[in-house]
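> coordinates for the following, if possible.
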Amino acid sequence: MKVTFFGGADEVGRSCIKINSGKTSVLLDAGVKIGQVTEYPDISKEQLGSIEAVFISHSHLDHVGFLPHLFSMGYRGTVYTTKPTMELSNVIISDYMRISNPKDVTKEGLARMSKSYKVVEFGEEVKVGDLRLKFIPSGHIVGSSMISVTDGKTTLLYSGDINLTRTKLLEGADIRNLNAKVLIMESTYGGRKDIFPKEGVVMQKALKSIKETINAGGKIIIPSFAVGRAQEVLLLLDDYINSGLLPKVPIYVDGMINKAMRIHRHNVIYCRQELQRRILMSDYDPFKSSNFIPVESKAQRSKVAAEGGSAIIVTTSGMITGGPVMYYLAKLGGNPANKLILVGYQAEGTPGRQIKDGVKRVKLDNTMVNIGLTVESSHLSAHADRGQLEKLIKSVHGLKTIFIIHGESGKSEELKEDMSKNYHAIVPKRDIEYEV
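Numbers count the residues shown, from 1 in each chain. As a prediction, the model looks like this:
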C-alpha cells in the first residue's frame, strides 16, 4: 500500500490523501485552505484520473471544499460520506461557492458532484476494487469519521479530525477495537504544551466575561464555524439563560449556522442519546430555542449592529475569513464596551489569528478595521489535545507507523519526536509517495 499527501502535510488545511493498493486508488478527503489566499491540494488531472472513489471524513471546508474543483477537473466517481456529512457538505460548499466564486469550478462539475454522493452508515464496509473501507465515529462534529482502509494485508487508519471527549452534542470518538499497522493522524494540538483545561473551567471563565459585558451594556461577538462549534456554543448559552446563570438577552444567530442547526435537528440520531431523549421525551427542543433569533437579511443585520443594549451575536466565519462577522466587526469592533470571544482554532495567516495575536487594525473585505473591543479566547475545541492524541495512539492495536499531519510544523515535529521512541513516526511532505 502506498500513501501520497496532496495537502494537509506540515500544515492545517487542504487535507487530501491518496491511498493506492497497487490496483486501486482512492482519496481520503478533498479540502481547501482558506487564508489570505485560498490554497488547493497539489493534485493534477493526470493523478486524478486514477482515483476510483473519494471518502470524506467530515464537512468542514478544509476537508470537503475541493470537491467542486475535483468534479470540474473531470472526476466522475462516487463520493462516500455519512448522511450528516453529505447534507452539511452541500451547505458548506454552496456558501464557499457564493463567497469565493472559484473560477475553475464549472456548472457541469457542480451538477456531477451533486449526483455523486453515496451515504454510508458507521461500521458499514465499502468495497472499492481490492480495498475495503469503513467509517468510524471520530467525535469531532456530527457525522464525522475516522476512516479504516485495508487491502487484506495492511490496514491503515485515518483519524480525520478527532475528539475523544464528550460534548453537548456528541460522544467522543469510538476508539474501541481499533486495529491498524499505519495511522494517519491529525496534530492540530500535538504540541507538548497543548493540554486543554476542562470544559467546565473554560465556560465558567467565559460565563463571567459575558456577564461583565452584558452588565456594561456591550455586545458580544462570537465568530464560529457554522458546523460543530456554533451548535455547542448555542446549546451552552441556551442552558445558561434558561437556568438564570446569564441575563436574558437576545442571541442573534447569523450566517450558515441557521441552516446547519436545522440539519443537526434532522440528524439528531447521530448525536448523544441524552440529547435525543431530551427532544423526544419533552416539549423542549434546544435546536429551536426561543432564545435564538435568526438573522435573515442585511437589513436585520444592520438593525442588530445599530440597536442599543446588550446582545450576543453568534456568527460565521470561525476564523474571520468571510461571512457576517466581517460586517459586525466593522460596525462594532471599534467600541471598547464590546467584546470578541474566539472559541475555535485560528489558523496562521487568517484575520482571526492576527486579532488573537493582538493586532489593532486588520484588513477585512479590503477595508481596514480598528480593533478597539476586548478580545478573548475561550477554548472550546472539537480537536483532541496532546493527551487525547497519545491515548488514540495507544488504543490502536498492531500499530507500527504514524504519519503526523494537519498541524503547524512545530507541533507536528514535537509529536513526531516523542512518538519516535516507540513507533516509526513521520511528518510527511506533499507530493511524495510513501510505501507502508
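
> quick check: next helix or strand after the host helix or strand of residue 363?
Assigned by DSSP states H and E, residue 363 belongs to strand 361-364. Following strand 361-364 in sequence order, the next helix or strand is strand 367-370 (DSSP H and E).

> list the helices and strands that next one packs on?
Packing contacts for strand 367-370, counted by 3 or more Cβ pairs under 8 Å, 6 or more residues apart in numbering; DSSP states H and E, involve helix 325-332, strand 361-364. Where C-beta positions appear, they are placed from N, C-alpha and C, glycine not excepted.

> still on that earlier bit, buried residues, the strand holding residue 363. List them.
For strand 361-364, the neighbour count (16 or more other Cβ atoms under 10 Å) marks 362, 364 as buried.

> so which elements touch it?
Packing contacts for strand 361-364, counted by 3+ Cβ pairs under 8 Å, 6+ apart, involve helix 325-332, helix 351-356, strand 367-370.

> export it to CSV, keeping only CA atoms.
Only the C-alpha atoms of strand 361-364 are listed here, as CSV (Å, rounded to 0.1, in the frame of the first residue of the first chain):
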residue,chain,number,x,y,z
ARG,A,361,-6.0,47.1,12.8
VAL,A,362,-6.9,44.3,10.4
LYS,A,363,-8.0,44.2,6.8
LEU,A,364,-11.5,42.8,6.4
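
> strands paired with it, and their directions?
If you go by DSSP bridges, strand 361-364 pairs up with strand 367-370 (antiparallel).

> pLDDT of the helix or strand just after the partner strand, averaged?
Tracing the chain past strand 367-370, the next element assigned as helix or strand by DSSP H and E is strand 374-377. Taken as a whole, strand 374-377 has a mean pLDDT of 92.

> ditto for stretch 157-169
For stretch 157-169, mean pLDDT is 95.

> quick one: distance of it to the chain centre.
From the chain centre to the centre of stretch 157-169 is a distance of 11 Å (Cα atoms, centre = their mean, to the nearest Å).

> show me which residues of the helix or strand bottoming out on mean pLDDT in the chain are buried.
For the chain, the helix or strand with the lowest mean confidence is helix 273-280, at a mean of 86 (criterion: mean pLDDT, DSSP states H and E). Buried residues in helix 273-280, counted by 16+ other Cβ under 10 Å: 275, 279.

> downstream of it, the next helix or strand is which one?
strand 292-295.

> please name every helix or strand in contact with that next one.
strand 251-254.

> neighbouring strands - and their directions - for the strand it packs on?
Note on strand 251-254: by DSSP bridges, its sheet partners are strand 292-295 (parallel), strand 311-315 (parallel).

> how about those, which one is nearest residue 323?
strand 311-315 (6.5 Å; Cβ to Cβ).

> would you mind writing the CA trace of the closest one as PDB?
Extracted in PDB, the C-alpha atoms of strand 311-315 (Å, rounded to 0.1, in the frame of the first residue of the first chain):
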ATOM      1  CA  ALA A 311     -26.800  41.200  22.800                       C
ATOM      2  CA  ILE A 312     -24.800  38.000  21.900                       C
ATOM      3  CA  ILE A 313     -24.100  37.500  18.200                       C
ATOM      4  CA  VAL A 314     -23.000  34.100  17.100                       C
ATOM      5  CA  THR A 315     -21.900  34.200  13.500                       C
END
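
> tell me the angle of that strand relative to helix 325-332?
Here the directions of strand 311-315 and helix 325-332 differ by 150 degrees (axes from the mean of the first three to the mean of the last three Cα atoms, to 10 degrees).

> for residue 327, which non-adjacent residue is closest in space?
residue 301 (6.1 Å; Cβ to Cβ, 6 or more residues apart in numbering).

> the inter-axis angle of the host helix or strand of the one you found versus helix 325-332?
Using DSSP H and E, residue 301 maps to helix 298-306. Using the same axes, to 10 degrees, the direction of helix 298-306 lies 40 degrees away from that of helix 325-332.

> and helix 298-306, what does it pack onto?
For helix 298-306, the packing partners by 3+ Cβ pairs under 8 Å, 6+ apart come out as strand 251-254, helix 325-332.

> repeat that for 6 Å
Other helices and strands packing on helix 298-306, by 3 or more Cβ pairs under 6 Å, 6 or more residues apart in numbering; DSSP states H and E, are helix 325-332.

> who touches the helix it packs on?
Outside helix 325-332, the residues that touch it by Cβ atoms under 6 Å, 6 or more residues apart in numbering are 219, 221, 223, 305, 313, 315, 338, 364, 365, 369.

> please redo it, this time with the cut-off set to 7 Å
Helix 325-332 has contacts (Cβ atoms under 7 Å, 6 or more residues apart in numbering) with 219, 221, 223, 301, 305, 313, 315-317, 338, 364-365, 367, 369, 373.

> one step back: want to throw the helices and strands packed on strand 367-370 into JSON lines with distance to residue 173?
Listed next are the helices and strands packed on strand 367-370 as JSON lines, based on distance: least, Cβ to Cβ, whole Å:
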{"stretch": "helix 325-332", "distance to residue 173": "29"}
{"stretch": "strand 361-364", "distance to residue 173": "35"}
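
> show me the domain layout of the chain.
2-193+382-435, 199-377 (automatic domain parsing).

> between the ones you listed, which has the poorest mean confidence score?
Of all the domains of the chain, the segment with the smallest mean pLDDT is domain 199-377, scoring a mean of 91.

> please name the bridge partners of the closest residue to residue 135 other than its chain neighbours.
Once flanking residues are discounted, residue 135 sits nearest to residue 145: 3.8 Å by Cβ to Cβ, 6+ apart. Residue 145 has the following beta-bridge partners by DSSP bridges: residue 137.

> pretty sure residue 145 sits against residue 55.
No - using Cβ atoms under 7 Å as the test, residue 145 is too far from residue 55 to be in contact (8.4 Å).

> which one of the domains of the chain is the most hemmed in?
Most buried of the domains of the chain, by mean neighbour count (mean count of other Cβ atoms under 10 Å): domain 2-193+382-435, with a mean of 20.
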